[in-house]
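Q: Just to be clear, the model below is a prediction. Sequence and coordinates:
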Amino acid sequence: MNLTNGAKSLVLRSSPYTHTGFRSDHKHARLTEELQIIELVPPPITSFPNGIYHTKFKDEKLTILDDIASAIATGECNKKVGDAMEERGASSVHFILVVNGLPSSREEAAAERFFKALLYPGDHFVPHMLEAMRSYAMPRIARLSGQVAESIEQFLQDDLIQDIADDAWGPHVQEVPGFQAFRNRFPELEIASVPEALTILLERLRERTSEVHQSADNPSFTTHDAMFVNGLLVLAHHLSKAPIFNRLIRRSTRAVIVLFVGGLRYKLAMLGRYHACLERLRTLAKRTEMKITYEWCTDDVAGIVNDRPVVMHRSALEVIKAAEDRATRIAISVSDSTFGKICSQYKPTLTVSTHPTIRLILKLGSTAQTRLVGCSGGVCYACSEWISRYNDAHPGAMWTAGPSLQEVDSTWALTHRFPFEEDVYQSIKEAKEISLIDWLDPSPMDY
């Protein structure tokens, strides 16, 4: 099915990126090499992505786009889903979906089941919607559960709640979202202080998310029933709204703590989004009188890359020691054995694809009604840099994505269409150098 909004391909500019062959292959290899190193070293602590402070923006349309992208994502091969929308008439809405590369049959089936469930007429919308999402999204739910379990375990081991245990706390119902309902499920909350109640609920969530994560890869673990999984999603959603996270972020003078606490809250919100999105989706269905359609975005515009293998030209050590100035001096001063784990994980060949949000921007360009793009899990660092520079190069474009931790993803592909992609490449090189400095020569103030 073709888009009906008259989307046109952007005009190719004369630049080094419009040429195929050795130059683009060489550039792509160097970019992927830099991204691999950033991905393998500890994340930098000298900049805070917007996902540290926000798990969703106030823009309702952008929130629903992120909701739908997250709800449709299967977790297959760690691929993300992106989406954009068109409002057609007074009450109907059309969604354009996309993934990294081409959608698989499983991803197509997931989208079909999701939209059928979204238009389910009846009083059992919530359980029907949750059943539909569980039917295809358990791999992603299991992966998110593993991330949440690991982060909570670190949070409790570091005893970060104890740092503010002597603060003046408000009522339980204010400090512990969902407290009234949880008190019936967990009797130990009856006599617990606010810090104790938060610790109890975090530990319960850690246990449950750990079980779900392990059951995904280990046949000896039993498959959990719907009530168990739904309860986990509800608990993650409510804990993500706990004021303690803002309190810790505002209070801490250590960058590493701010990044960790903000990252934990973001992961809780991503897992809890399966529950949080339900009322917003129900409202969407009612507002549109169930006139909701969708299509998968075609890739018939220049610059889109599907599953292209990229061969590295440099070893991991060569990429690390090619950093500039201070980063080079630091990298050369330490033993090569420091980088042993990185070298063992560094891949000689990677498959790259155009990421979802960039595919949508290339496809819709300046013809889009609303220049908003949703993305399951948020955009990666390279996408964020690319969108910012695309907006700068196209006055009035102002494409916007939701909050993200802007994690590095080495499967990211250049379009080879725009001169500003040289700036994106340079930004990624600088990010590698900052990551190396933060890791090898950290400031005591940050830790």
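A: Received the coordinates, thanks.

Q: sec struct for Val373, please.
A: In the three-state summary, Val373 is assigned as strand, counting by DSSP: H, G, I helix; E, B strand; the rest coil.

Q: leaving aside the residues next to it on the chain, what's closest to it?
A: Counting by C-beta to C-beta, 6 or more residues apart in numbering, Val373 lies nearest to Thr357, which is 4.5 Å off, once chain neighbours are set aside. Backbone N, C-alpha and C define where each C-beta goes, glycine included.

Q: One more: His128?
A: The nearest residue in space to His128 (C-beta to C-beta, 6+ apart) is Tyr120, at 4.9 Å.

Q: For this structure, give me the ranges with low pLDDT.
A: Low-confidence segments of the chain, defined by pLDDT under 70: 1-24, 121, 217-223, 323-325, 327-328, 366-369, 444-447.

Q: Can you classify Asp167 as helix, strand or coil?
A: Put simply, Asp167 is coil when judged by three-state DSSP.

Q: Oops, could you answer that again for Ile96 instead?
A: Under the three-state scheme (three-state DSSP), Ile96 adopts strand.

Q: I'd like to know how many residues surround the residue nearest to His128.
A: 14 (other C-beta atoms under 10 Å).

Q: In what element of secondary structure is it found?
A: If you go by DSSP states H and E, Tyr120 is not part of any helix or strand.

Q: Just the helices from the stretch 301-447 of the chain, written as ranges.
A: Using DSSP state H, counting those that start in this stretch, the helices of the stretch 301-447 of the chain run over 316-320, 325-333, 340-345, 356-364, 381-393, 421-440.

Q: okay, the ones you listed, which one's buried deepest?
A: Of all the helices of the stretch 301-447 of the chain, helix 356-364 carries the top mean neighbour count, a mean of 26, counting by mean count of other C-beta atoms under 10 Å.

Q: What distance do you get for the nearest residue to Arg417 once chain neighbours are set aside to Leu317?
A: In space, Arg417 comes closest to Gly303 once its chain neighbours are excluded; the distance is 4.2 Å by C-beta to C-beta, 6+ apart. Gly303 sits at a distance of 33 Å from Leu317 (criterion: C-beta to C-beta, to the nearest Å).

Q: Need the residues that contact stretch 114-129.
A: The contact list for stretch 114-129 (C-beta atoms under 8 Å, 6 or more residues apart in numbering) reads 68, 71-72, 131-133, 226, 278, 281-282, 284-285, 290, 292, 294.

Q: Can you go through these and name the buried ones?
A: Neighbour-count burial within the contacts of stretch 114-129 applies to Ile68, Ala71, Ile72, Ala132, Met133, Leu278, Leu281, Leu284, Ala285, Ile292, Tyr294; the criterion is 16 or more other C-beta atoms under 10 Å.

Q: Pull the most distant pair out of these.
A: Based on C-beta to C-beta, the longest span within those runs between Leu278 and Tyr294 and measures 18.6 Å.

Q: so how far is Leu362 from Leu130?
A: Leu130 sits 34 Å away from Leu362 when distances are taken as C-beta to C-beta.

Q: again, but for Lys267
A: Plainly put, Lys267 is 30 Å away from Leu362 if you go by C-beta to C-beta.

Q: The closest residue to Gly402 other than its chain neighbours: helix or strand, and which one exactly?
A: Sequence neighbours aside, Asp66 is the residue nearest to Gly402 in space, at 4.4 Å (criterion: C-beta to C-beta, 6+ apart). Under the criterion DSSP H and E, the helix or strand holding Asp66 is helix 60-72.

Q: other SSEs contacting that helix?
A: If you count contacts as 3 or more C-beta pairs under 8 Å, 6 or more residues apart in numbering; DSSP states H and E, helix 60-72 packs onto strand 81-88, helix 105-118, helix 255-287, strand 372-375.

Q: ok, and which of those has the densest surroundings?
A: Each of the helices and strands packed on helix 60-72 was given a mean neighbour count from mean count of other C-beta under 10 Å, and the largest, a mean of 27, is that of strand 372-375.

Q: Which strands border that strand, and is each parallel or antiparallel?
A: According to DSSP bridges, strand 372-375 has the following sheet partners: strand 81-88 (antiparallel), strand 400-401 (parallel).

Q: Adding distance to Trp439 as columns, could you present those strands in a markdown table?
A: Supplementary listing: those in a markdown table, determined by distance: least, C-beta to C-beta, whole Å:
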| stretch | distance to Trp439 |
| --- | --- |
| strand 81-88 | 31 |
| strand 400-401 | 28 |
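
Q: Thr349: which of the ones you listed is closest?
A: Across those, the minimum distance to Thr349, taken as C-beta to C-beta, is reached by strand 81-88, at 25.4 Å.

Q: quick one: the closest one to chain centroid distance?
A: Here the centre of mass of C-alpha atoms in strand 81-88, compared against the chain's by C-alpha atoms, centre = their mean, to the nearest Å, lies 18 Å away.

Q: Run through who's touching that strand.
A: Contacts of strand 81-88 with the rest of the structure, by C-beta under 8 Å, 6+ apart, involve 5, 61, 64-65, 68-70, 72-73, 93-99, 107, 291, 355-357, 359-360, 364, 368-370, 372-376.

Q: re earlier: the residue nearest to Val373 contacts Gly377, doesn't it?
A: No - Thr357 sits out of contact with Gly377 when judged by C-beta atoms under 8 Å, with a separation of 11.3 Å.

Q: quick one on the thing from earlier: so which of the helices of the stretch 301-447 of the chain comes closest to Arg250?
A: Scanning those with C-beta to C-beta as the criterion, the closest one proves to be helix 421-440, at 22.3 Å.

Q: what about dumping the CA coordinates of the closest one to PDB?
A: What follows is helix 421-440 as a C-alpha-only set of coordinates in PDB (Å, rounded to 0.1, in the frame of the first residue of the first chain):
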ATOM      1  CA  GLU A 421      26.800  13.200   8.100                       C
ATOM      2  CA  GLU A 422      30.500  14.200   8.300                       C
ATOM      3  CA  ASP A 423      29.500  16.100  11.500                       C
ATOM      4  CA  VAL A 424      27.700  13.100  12.800                       C
ATOM      5  CA  TYR A 425      30.800  11.000  12.300                       C
ATOM      6  CA  GLN A 426      33.000  13.600  14.000                       C
ATOM      7  CA  SER A 427      30.600  13.700  16.900                       C
ATOM      8  CA  ILE A 428      30.800   9.900  17.300                       C
ATOM      9  CA  LYS A 429      34.600  10.100  17.300                       C
ATOM     10  CA  GLU A 430      34.500  12.700  20.000                       C
ATOM     11  CA  ALA A 431      32.100  10.600  22.000                       C
ATOM     12  CA  LYS A 432      34.600   7.700  21.800                       C
ATOM     13  CA  GLU A 433      37.300   9.900  23.100                       C
ATOM     14  CA  ILE A 434      35.200  11.200  26.000                       C
ATOM     15  CA  SER A 435      34.200   7.600  26.900                       C
ATOM     16  CA  LEU A 436      37.800   6.500  27.000                       C
ATOM     17  CA  ILE A 437      38.800   9.500  29.200                       C
ATOM     18  CA  ASP A 438      35.900   9.000  31.600                       C
ATOM     19  CA  TRP A 439      36.800   5.300  31.800                       C
ATOM     20  CA  LEU A 440      40.600   5.400  32.000                       C
END
